[in-house]
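1. Sequence isn't available, so here's the structure alone:
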């Protein structure tokens, strides 16, 4: 077990009708003018945006609106949000949506507090000095951005999808009402389930000897998602299942499931390249590449994969290699059970050798960098994983 610092300052308001408390929370946060950031028409059609506006108006909070966030949020809209916020004197960013909206809101918040080009942070050229406060009203259980310090943005020029993390980006508050997720399409529910699981699995696969309590929490999170995703897909208005998923989304990415270990994050980084090139749903992309990554790296520490197989699927085999591979196969079967892919080809993408070369090149900055911690992966490693995954 290694030393660690745990920091999760976000105030969470959880439960039915909690969005009506938006004005009060903004008043507590001393917001004077708010940029309300959202995606498409769903928050308008279901009345959520109107309820939020009403709450702010009752509290005397001034605001401006900026919609249009897409999955794999675009840098161009971030720039628009930064300009609008500066022109309007905005001092607080409120994200009403899922992970993409929250990620875009965090990037805008960075941009209005730092003079540098915000993309420099995502490219790793600079470190942010500060960030404007962000609040969130979550509409999908998935990314965990409502409590995390991270954000992922896509730059259209070159279709580069890059993450950035800084503790100043952690939301001041997050409102989680499971009822808002009742109308989610099944595909989005499944993508969200995979994203939650992968946030914990990226932390679980460490070469360090993690704490027993951390492993127990991680296993509980993964199994909880698997159980409740299946229930929610059969009965979308099952409040308890939706509530379990929504809270688990936050727990999966607020760092508590990784205390004492060093996470890997290769699967996320591999998917970022795939998502940047093909603009696919993040959760589906993660499912499509995970098992190929796992088969490629498991021999680094087969005992860890064997433990995963036992913890999650009750697979008990004295042969660590056999147990590890059985666990990977069982996870693929679960992905298929919720209509998620286990290969890139299952998403109707036929990767060419040239595309694989480009993906691997971008993922390693022209072959100069590596990714991952469970096993360091270089350009040729990514080439092999993409070939396995196609």
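-> That came through fine. On a predicted model such as this, the values are computed, not experimentally measured, just so you know.

2. Tell me where the stretch 51-200 of the chain has helices.
-> 75-88, 99-111, 118-122, 186-204 (DSSP state H, counting those that start in this stretch).

3. Would you reformat these as a markdown table and include mean neighbour count, distance to residue 57 and mean pLDDT?
-> The C-beta positions use only the backbone N, C-alpha and C, and glycine is treated the same way. Formatted as a markdown table, those follow (neighbours: other CB atoms under 10 Å; distance: least, CB to CB, whole Å; pLDDT from 0 to 100):
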| stretch | mean neighbour count | distance to residue 57 | mean pLDDT |
| --- | --- | --- | --- |
| helix 75-88 | 18 | 17 | 98 |
| helix 99-111 | 30 | 20 | 98 |
| helix 118-122 | 21 | 30 | 97 |
| helix 186-204 | 25 | 30 | 97 |
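
4. Using TSV, please lay out these together with distance to residue 150.
-> Converted to TSV, these look like this (distance: least, CB to CB, whole Å):
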stretch	distance to residue 150
helix 75-88	15
helix 99-111	8
helix 118-122	11
helix 186-204	10
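
5. what about the helices in the stretch 201-350 of the chain?
-> Going by DSSP H, counting those that start in this stretch, the stretch 201-350 of the chain shows helices at 212-234, 239-252, 266-278, 282-297, 302-313, 320-337.

6. tell me what the third one is packed against?
-> On a contact count with 3 or more CB pairs under 8 Å, 6 or more residues apart in numbering; DSSP states H and E, helix 266-278 meets strand 150-155, strand 160-165, helix 186-204, helix 282-297, helix 353-363, helix 379-389.

7. Could you double-check that residue 15 lies in contact with residue 180?
-> No. The criterion here is CB atoms under 8 Å, and residue 15 misses it with residue 180 at 11.2 Å.

8. These two: who's more crowded?
-> Taking neighbours as other CB atoms under 10 Å, residue 15 and residue 180 compare with residue 180 leading, 24 against 14.

9. quick one, what contacts the more buried one?
-> The contact partners of residue 180, by CB atoms under 8 Å, 6 or more residues apart in numbering, come to 19, 46, 48, 138, 139.

10. Quick check: the fourth one vs residue 168, distance?
-> Between residue 138 and residue 168 the distance, using CB to CB, to the nearest Å, works out to 20 Å.

11. Ok, the third one next?
-> Counting by CB to CB, the gap from residue 48 to residue 168 is 27 Å.

12. What of residue 27?
-> From residue 27 over to residue 168 (counting by CB to CB), the distance is 22 Å.

13. what about residue 326, how many neighbours?
-> 19.

14. Could you do the one 3 residues further on as well?
-> The burial metric for residue 329, expressed as a neighbour count using other CB under 10 Å, is 16.

15. before we move on, the earlier item: dump the helices and strands packed on helix 266-278 into JSON lines; add distance to residue 95 as well.
-> What follows is those, written out as JSON lines (distance: least, CB to CB, whole Å):
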{"stretch": "strand 150-155", "distance to residue 95": "10"}
{"stretch": "strand 160-165", "distance to residue 95": "16"}
{"stretch": "helix 186-204", "distance to residue 95": "16"}
{"stretch": "helix 282-297", "distance to residue 95": "16"}
{"stretch": "helix 353-363", "distance to residue 95": "28"}
{"stretch": "helix 379-389", "distance to residue 95": "32"}
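
16. closest one to residue 332 among the ones you listed?
-> helix 282-297 (5.1 Å; CB to CB).

17. Could you tell me which residues make contact with the spatially most central residue of the chain?
-> For the chain, the residue sitting closest to the mean C-alpha position, by CA atoms, centre = their mean, is residue 143 at 2.9 Å. By CB under 8 Å, 6+ apart, the residues touching residue 143 are 98, 99, 100, 102, 103, 192, 195, 249, 253, 282.

18. Isn't the third one up against residue 40?
-> No. The pair formed by residue 100 and residue 40 falls short of the contact definition of CB under 8 Å, at 10.3 Å.

19. Name the residues contacting each of those two.
-> By CB under 8 Å, 6+ apart, the residues touching both residue 100 and residue 40 are residue 69.

20. outside of the helix or strand bottoming out on mean pLDDT in the chain, which residues touch it?
-> Every helix and strand in the chain was compared by mean pLDDT, DSSP states H and E; the lowest is helix 42-45, with a mean of 92. Contacts with helix 42-45, where a contact means CB under 8 Å, 6+ apart, come from 48, 49, 50, 96, 97, 139, 183.

21. so how far is residue 370 from residue 145?
-> From residue 145 to residue 370 the distance is 26 Å (CB to CB).

22. I misspoke; the intended subject was residue 251.
-> The gap separating residue 251 from residue 370 is 29 Å, by CB to CB.

23. the domain parsing of the chain - what is it?
-> 11-180, 185-389 (automatic domain parsing).

24. which residues does the nearest residue to residue 147 once chain neighbours are set aside contact?
-> Leaving aside its chain neighbours, residue 147 sits nearest to residue 254 (4.0 Å; criterion: CB to CB, 6 or more residues apart in numbering). Going by CB under 8 Å, 6+ apart, residue 254 touches 8, 10, 144, 147, 148.

25. ok, now residue 130?
-> Contacts of residue 130 (CB under 8 Å, 6+ apart): 113, 114, 168.

26. Residue 108 now?
-> For residue 108, the contacting residues are 35, 37, 78, 81, 82, 85, 93, 132, by CB under 8 Å, 6+ apart.

27. May I see those organised as CSV, with distance to residue 361 added?
-> Shown next, in CSV, are the contacts of residue 108 (distance: CB to CB, whole Å):
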residue, distance to residue 361
35, 36
37, 33
78, 25
81, 31
82, 30
85, 35
93, 34
132, 35
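
28. quick check, nearest of the residues you listed to residue 207?
-> residue 78 (35.7 Å).
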